[in-house]
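A.B. asks: Sharing a sequence plus its predicted fold:
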Amino acid sequence: MRKAGKPMKPKEVAEAAGMDTEEVSKLITALKKEGKMTSPKRCFYAPAE
């Protein structure tokens with residue numbers, strides 16, 4: 001996400017990482033709870049700064 005320089009959708013992250021979209025969504029949810037991810041707009045995610 002940092003390399004892309006923009007917020008990304010879980011599907012975009014999954015494609016870039018070679019992972020399953022559902023697994024990426026679960027990881028993003030966990031990171032949001034820890035305060036390590038933010039959602040600047042609906043369905044887009046970015047690392048917390």
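C.D. replies: Received, thanks.

A.B. asks: Which other helices and strands does whichever strand or helix holds Lys11 contact?
C.D. replies: Per DSSP states H and E: Lys11 is located in helix 10-17. Under the contact criterion of 3 or more C-beta pairs under 8 Å, 6 or more residues apart in numbering; DSSP states H and E, helix 10-17 touches helix 21-34. (C-beta placed from N, C-alpha, C; glycine too.)

A.B. asks: can you give me the offset of the helix it packs on from its chain's centre?
C.D. replies: Centroid separation for helix 21-34 versus its chain: 7 Å, with C-alpha atoms, centre = their mean, to the nearest Å.

A.B. asks: Pull the residues that contact it.
C.D. replies: 10-11, 13-14, 17, 37-39, 45 (C-beta atoms under 8 Å, 6 or more residues apart in numbering).

A.B. asks: in the helix holding Lys11, what counts as buried?
C.D. replies: Within helix 10-17, the residues that qualify as buried are 10, 12-14, counting by 16 or more other C-beta atoms under 10 Å.

A.B. asks: what pLDDT does Lys9 get?
C.D. replies: Predicted confidence (pLDDT) for Lys9: 96.

A.B. asks: Noted, bye for now.
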